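[1] sequence isn't available, so here's the structure alone:
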Ligand SMILES: NC(=O)C1=CN([C@@H]2O[C@H](COP(=O)(O)OP(=O)(O)OC[C@H]3O[C@@H](n4cnc5c(N)ncnc54)[C@H](OP(=O)(O)O)[C@@H]3O)[C@@H](O)[C@H]2O)C=CC1
Ligand SMILES: CC(=O)C(=O)O
Ligand SMILES: [Mg+2]
């Protein structure tokens with residue numbers, strides 16, 4: 001007799017119940033339940049998959065070793081990206097474990113810089129659904145479309161419209177790689193459970209002519225929809241997400257172009273549990289690194305003078321946080337703002353310039369004659385902290401860096417633009433042209449640099465230090481809203497975790513290998529802020545917040561299918577024959 005297919009109930013170690021009406025082969029095909037060759041012999045027999053796998057039974061550790069072997073043998077980083085994406089599609093637990101336990105080697109692949117290349121080639125890389133494509137033509141039906149997503153308990157959505165993908169510009173629907181990558185970090189670095197994460201690509205067309213002509217392009221072949229129709233779609237999406245998955249569903253806006261980023265944040269920040277990562281997450285991580293730098297320079301933030309190269313979402317987000325910090329140091333708002341200068345594509349941000357200006361940068365416009373040469377602007381401002389967020393490679397020239405070293409004992413130089421090909425300078429340039437005195441950080445990773453026998457290990461000033469922890473904290477305490485203060489707290493938490501050893505090696509951030517621990521602390525800080533400002537809805541407030549956060553985190557270890565033995569429903573079967581079933585019972 002063959003026992004018929006029935007309800008399989010497997011209780012994992014974190015007591016997450018997998019409710020599956022599946023045949024054994026479906027358990028292998030489902031990346032959430034698949035364990036590859038790690039299915040034990042009893043499991044293989046009871047699930048009816050005995051013989052479908054090679055006879056060797058591997059531990060997860062042995063699988064990790066084998067995967068690392070394949071990983072290092074790939075000819076290029078893009079091949080490594082494709083290998084990992086394939087693993088994520090086959091065996092989710094193994095994928096997340098390998099990323100989380102090898103953050104330094106995996107993050108440059110699943111995230112910047114390789115994810116940028118993956119987006120540019122997304123038409124070739126796309127294999128299977130890993131998120132939702134919501135197009136401008138779905139207006140009026142977005143809720144129905146979201147209902148097609150098979151998960152019932154989505155808690156975190158990352159959405160982009162693909163208009164400003166890293167520093168690579170408008171990549172349209174190819175931008176889907178970014179929400180996928182960000183949410184991979186939600187799980188790998190923040191421990192948010194993968195079935196709670198949903199990437200969304202809002203496809204409103206693209207103004208990238210190359211893509212519109214590209215046979216491999218997979219998005220809508222039309223110019224971007226803008227104006228009221230665009231706004232209606234975003235509105236409908238925000239509403240539909242919370243209708244479908246609850247009012248406290250976290251929505252992260254990612255890589256929207258400047259004209260939309262701050263505008264949408266202002267519109268939705270008080271209405272939804274949402275944030276803009278490029279504005280607030282980046283401000284958090286930059287502030288963290290700058291706070292750590294104060295321990296080396298022995299200064300306060302208010303003692304500094306800042307110049308930004310780039311005056312968009314990232315730069316203005318950081319500048320606004322610096323003002324808050326300086327006000328806390330005792331300055332008036334006017335004094336704080338006066339210390340922050342900006343330069344953009346039209347030159348120095350000054351009040352009466354021919355190009356005028358839009359958006360938040362106006363706050364920082366100075367009463368000064370117009371200048372459109374950055375090196376001249378630098379000479380005028382003579383900053384002690386120079387921050388690049390202009391997506392333009394090489395603008396921190398040798399002359400710029402040497403001048404920074406001339407005016408400052410410890411010049412602070414942040415080249416935040418991503419991917420690596422857009423960085424304002426390399427780590428090697430920053431250290432070489434400042435005789436190793438620069439306090440340097442970059443958005444994408446750089447290898448250590450040796451100058452006169454001293455090894456510098458630059459830190460990665462990337463919002464990946466911030467958003468996974470904020471997301472985790474907001475989700476587990478059911479936050480209604482996320483204020484800027486959450487990110488200020490996250491920044492201080494991250495800065496506090498920088499050790500003297502980190503600083504002595506030139507690193508203004510803790511090593512990436514400790515990022516999961518940082519995420520836990522940031523989650524705790526987020527929850528604390530949530531209860532302080534009344535936005536947390538979880539009742540009662542957890543007393544031991546750290547233990548609470550940890551108890552909610554994803555467990556990379558495989559679920560055991562063995563508990564079904566002890567709770568074997570009469571009609572259960574999994575295609576196991578009576579003989580297989582009794583063999584299984586004998587063995588256990
Ligand atoms: N490290 C991190 O965690 C993060 C890094 N970033 C990176 O920062 C970069 C910018 O992102 P974001 O702020 O969102 O983008 P925006 O488009 O909002 O801003 C870009 C800014 O750069 C200015 N700019 C463009 N070209 C030049 C130039 N040649 N010289 C001076 N300024 C120039 C633009 O000027 P104008 O205003 O006149 O158009 C604009 O102010 C990207 O590369 C992104 O990857 C972003 C978020 C996080
Ligand atoms: C890191 C990031 O969010 C960006 O470069 O856009
Ligand atoms: Mg971004």
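    It's in. Small disclaimer: the values here were computed from a predicted structure and weren't measured. Ligands and ions are numbered 1, 2, ... in the order given.
[2] and the residue of the stretch 401-550 of the chain that's closest to ligand 2?
    Going by CB to the nearest ligand atom, ligand 2 is nearest to residue 418 of the stretch 401-550 of the chain, at 3.7 Å. (C-beta placed from N, C-alpha, C; glycine too.)
[3] and that residue, what does it touch?
    The contact partners of residue 418, taken as CB atoms under 8 Å, 6 or more residues apart in numbering, are 112-113, 116, 166-167, 391, 443-444, 462.
[4] run the last query once more with 6 Å
    Listed by CB atoms under 6 Å, 6 or more residues apart in numbering, the contact set of residue 418 reads 112, 166-167, 443-444.
[5] list the residues that contact the most centrally placed residue in the chain.
    The chain has residue 182 as the residue nearest its centroid, 3.4 Å off, counting by CA atoms, centre = their mean. By CB under 6 Å, 6+ apart, residue 182 lies in contact with 158, 254.
[6] report the separation between it and residue 65.
    In this structure, residue 182 and residue 65 are 28 Å apart, going by CB to CB, to the nearest Å.
[7] same question for residue 87.
    Look at residue 87 and residue 65: by CB to CB, they are 14 Å apart.
[8] tell me the SS of the nearest residue to residue 78 once chain neighbours are set aside?
    Distances taken as CB to CB, 6 or more residues apart in numbering place residue 117 nearest to residue 78, at 5.5 Å, with adjacent residues excluded. Under DSSP: H, G, I helix; E, B strand; the rest coil, residue 117 falls in the helix class.
[9] domain parsing for the chain?
    Structurally, the chain divides into domains by automatic domain parsing as follows: 2-92+559-587, 111-272, 280-462.
[10] of all those domains, which one is nearest residue 534?
    Nearest to residue 534, of all the domains of the chain, is domain 111-272, at 13.0 Å by CB to CB.
[11] so does that closest one get close to ligand 2?
    Yes - counting by CB under 6 Å from any ligand atom, ligand 2 is contacted by domain 111-272 at 112, 166, 255.
[12] which ones, among those, also lie beside ligand 3?
    Within the set of these, contact with ligand 3 (CB under 5 Å from the ion) is found for residue 255.
[13] what does the helix or strand hosting residue 495 contact?
    Element membership for residue 495, per DSSP states H and E: helix 484-496. Here helix 484-496 makes contact (CB under 6 Å, 6+ apart) with 280, 284, 287-288, 291-292, 465-466, 470, 518, 521-522, 525-526, 529.
[14] farthest pair within those?
    Using CB to CB, those span at most 20.7 Å, a distance reached by 292 and 529.
[15] which pLDDT value goes with residue 564?
    The score at residue 564 is 50. That number is its pLDDT.
[16] list the contacts of residue 558.
    Counting by CB under 6 Å, 6+ apart, residue 558 touches 35, 38, 93.
[17] for it, which non-adjacent residue is closest in space?
    residue 35 (4.8 Å).
[18] same check on residue 216?
    Of all residues not flanking residue 216 in the chain, residue 123 sits nearest, at 3.3 Å (CB to CB, 6+ apart).
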